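Chemist: 3D model of this:
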Amino acid sequence: RVDMNSMVEFMPEEAFSKIVFATTKYDSDEVIQCLAIEKSYKQQEITREQNQFFTEVLPEVIREQAKENEDFLADFVKFCTAMSYMPDLSAWPDFRIRVYFERMDPNSFPSAHTCVNGLNIPESVYSNNRKIFTSKLLESILLAKDAFSQV
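Modeler: Got it, this is the predicted structure:
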């Protein structure tokens, strides 16, 4: 039997909190740091346009939306992971939100696979048009938020 009091007695409170809990407060750079580009099982390679989307468009949209809406980062993380928090990266360094480029209608909305912390984007990446992507992403997040609030 483990005595939890003796285990955490000498551990700084901040360290214990980071390990046991996670954080509901994070900035756009922390979220961007968690993103990982992944090939879908159908995809042979990541295209130049997809790489540009991942390295430029997606981070810009995350930063821009975080400045405009204080709830955006929490909503984005919850959309991709189904978690109301983001694990502390010092306690869970392998945590990633995986970005997949899928064969789907080019006008499809982004979707999420929360079991694998995945964000699915049409392989056409909306021709790297930030405005179109932002609109579709915000609509997807809103629809998911509404759906889960009904459960």
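Chemist: can you pull out the helices in the protein?
Modeler: Secondary structure of the chain by DSSP state H: the helices cover 4-8, 13-20, 28-34, 48-52, 58-68, 72-81, 130-149.
Chemist: wait, which of those is closest to Phe101?
Modeler: In terms of Cβ to Cβ, the element of the helices of the chain nearest to Phe101 is helix 48-52, at 4.8 Å. Where C-beta positions appear, they are placed from N, C-alpha and C, glycine not excepted.
Chemist: same question for that closest one, mean pLDDT?
Modeler: If you average the pLDDT over helix 48-52, you get 96.
Chemist: again, but for stretch 83-93
Modeler: Rounded mean pLDDT across stretch 83-93 is 81.
Chemist: thinking again about what came up before, pick the most buried one from the helices of the chain.
Modeler: helix 72-81 (a mean of 22; mean count of other Cβ atoms under 10 Å).
Chemist: quick one: low-confidence parts of the protein?
Modeler: For the chain, applying pLDDT under 70 flags the ranges 1-24, 147-151.
Chemist: again, only using 50
Modeler: 151 (pLDDT under 50).
Chemist: re earlier: let me have the helices of the chain in a markdown table, extended by distance to Ser108.
Modeler: As requested, these are exported to a markdown table (distance: least, Cβ to Cβ, whole Å):
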| stretch | distance to Ser108 |
| --- | --- |
| helix 4-8 | 47 |
| helix 13-20 | 37 |
| helix 28-34 | 23 |
| helix 48-52 | 15 |
| helix 58-68 | 16 |
| helix 72-81 | 15 |
| helix 130-149 | 8 |
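Chemist: how about these, which one is nearest Ala112?
Modeler: helix 72-81 (5.1 Å).
Chemist: Which strands and helices lie in contact with that closest one?
Modeler: helix 28-34, helix 58-68, strand 97-102, strand 111-113, strand 118-122, helix 130-149 (3 or more Cβ pairs under 8 Å, 6 or more residues apart in numbering; DSSP states H and E).
Chemist: will you turn those into JSON lines that also has distance to Phe76?
Modeler: Formatted as JSON lines, the helices and strands packed on helix 72-81 follow (distance: least, Cβ to Cβ, whole Å):
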{"stretch": "helix 28-34", "distance to Phe76": "7"}
{"stretch": "helix 58-68", "distance to Phe76": "7"}
{"stretch": "strand 97-102", "distance to Phe76": "9"}
{"stretch": "strand 111-113", "distance to Phe76": "10"}
{"stretch": "strand 118-122", "distance to Phe76": "9"}
{"stretch": "helix 130-149", "distance to Phe76": "7"}
